[in-house]
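> Give the three-dimensional model of this entry:
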Amino acid sequence: MSEKTTRTTRTTTPTAVAPRPDWLPEEVWPTPLRTLRVDGRTMVYSDTGGDGPVLLMVHVGLWSMVWGGLIEELRGDFRCVTLDVPGAGLSERTPPAEQTLSRASAAIGALVDALDLREVTLAFHDTGGLAALAAVASRTERIAGLVGVATFAWPPRGRVRWALRVMGSAVVREVTALTGFLAWGSAGRFGVGRSMTRAQRRACRRGMRDRSARRFTHRMFRGAVTEPEVGAAAAVAVERLADRPVLTVFGRLGDYFGFQRRWRRLRPDATTCVVPWGMHFPMCDDPALVGDAIRTWHAAPLPDR
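Numbering: from 1, shown residues only. Just a heads-up that it's a prediction; the model follows:
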């Protein structure tokens, strides 16, 4: 694992409650917002639920509102934690040089350490898979299980690598930053907004309104290709966590690159949840179904190995 991936991240004690934007009322996001300083940047996170097992939900491209429906389903059974890495969502904006997948990974690790999270069920989506797994490669003793949601956990190859290069290119990045079409589309009924109210979809788009946040999304795509040390660290984490249970969640219409087949080869004992008519955000397409799947999987006895 390279020095870049294992860099030490300076943090301070989490604050009490962060200011809430006026466009994010409690009826839209009922979870209190908290902050943590990471390498001199302010990171916003949410920590809600009771004293149940920890469910840490990671998505580094858009922002944590993608987990809102699932949090509502599971906050009675789990301590639900999610975050916006610096540069994304409600967190402090960062310059382009700091918008890397390795820094996002380091921020995730900083939160795990600052909150002293243990027996964590780690849920991750899209490029959040590489970032989250790389973050816990040196913290595997804290991880109880993995929930991979429409994601991969290995260095990208072939068509996946090509697609990430295109989506991470300067041309696509700048077109998106100027037009906002990806933010608008992602928050719609065919993206994260399928089970959201109109007010929630409006807030979701507002969190991706500025051009810096839009560019950040594409730099995460680019990092999955140009920062091979993150993918290598993620692969190490999967190997070290071979004795932990795995649940994969995919939309029936959203597994464009055959990730489910790769997961089955990687972890034949994994439990699979497929969301009917689900697409790239299955946890948003049917939060109740995915919540039930996580609850049932988490309560099941560990398989003999």
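> right, and the helix or strand after the least confident helix or strand in the chain by mean pLDDT?
The helix or strand of the chain with the poorest confidence is helix 181-186; it has a mean of 81 (mean pLDDT, DSSP states H and E). For helix 181-186, the following helix or strand on the C-terminal side (DSSP states H and E) is helix 198-206.
> can you list contacts of whichever helix or strand comes after that following helix?
Later in the chain than helix 198-206, the nearest helix or strand by DSSP H and E is helix 211-226. For helix 211-226, contacts defined as Cβ atoms under 8 Å, 6 or more residues apart in numbering pick out 60-63, 87-89, 93-94, 96, 99-102, 104, 127, 130-131, 156, 161, 164-165, 167-169, 172-174, 176-178, 180, 182-183, 207-208, 230-231. In short, each C-beta sits where N, CA and C put it, glycine included.
> average pLDDT across helix 211-226?
Here helix 211-226 scores 95 as its mean pLDDT.
> just the buried members of the contacts of helix 211-226?
Listed as buried from the contacts of helix 211-226 are 60-63, 87-89, 93-94, 99-102, 104, 127, 130-131, 156, 164-165, 167-168, 172-173, 176-177, 180, 182-183, 207-208, 230-231; burial here means 16 or more other Cβ atoms under 10 Å.
> quick one: which of the residues you listed sit in helices?
Using DSSP state H, the subset of these located in helices is 101-102, 104, 130-131, 164-165, 167, 172-173, 176-177, 182-183, 230-231.
> closest to residue 67 among the residues you listed?
Residue 67 has its nearest neighbour among those in residue 131, at 14.9 Å by Cβ to Cβ.
> Touching, the closest one and residue 106? I think so.
No: judged on Cβ atoms under 8 Å, residue 131 makes no contact with residue 106 at a distance of 9.0 Å.
> Which strand or helix spans residue 82?
Assessed by DSSP H and E, residue 82 sits inside strand 79-84.
> go on, residue 261?
Residue 261 belongs to helix 259-266, assigned by DSSP H and E.
> Please apply the same query to residue 121.
Per DSSP H and E: strand 120-126 holds residue 121.
> again, but for residue 273
Per DSSP H and E: residue 273 is located in strand 271-275.
> Output stretch 205-212 as PDB, restricted to C-alpha atoms.
Extracted in PDB, the C-alpha atoms of stretch 205-212 (Å, rounded to 0.1, in the frame of the first residue of the first chain):
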ATOM      1  CA  ARG A 205     -30.400  19.200  -6.100                       C
ATOM      2  CA  ARG A 206     -29.600  22.200  -3.900                       C
ATOM      3  CA  GLY A 207     -26.800  20.200  -2.300                       C
ATOM      4  CA  MET A 208     -25.200  19.800  -5.800                       C
ATOM      5  CA  ARG A 209     -25.900  23.300  -7.000                       C
ATOM      6  CA  ASP A 210     -22.500  24.800  -7.000                       C
ATOM      7  CA  ARG A 211     -20.000  24.000  -9.700                       C
ATOM      8  CA  SER A 212     -17.200  22.900  -7.400                       C
END
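> which parts of it are buried?
Result for stretch 205-212 [16+ other Cβ under 10 Å]: buried residues 205, 206, 207, 208, 211.
> same thing with stretch 20-27?
residue 24.
> now that stretch, how far from the chain's geometric center?
When distances are taken as Cα atoms, centre = their mean, to the nearest Å, stretch 20-27 is centred 22 Å away from the chain's centroid.
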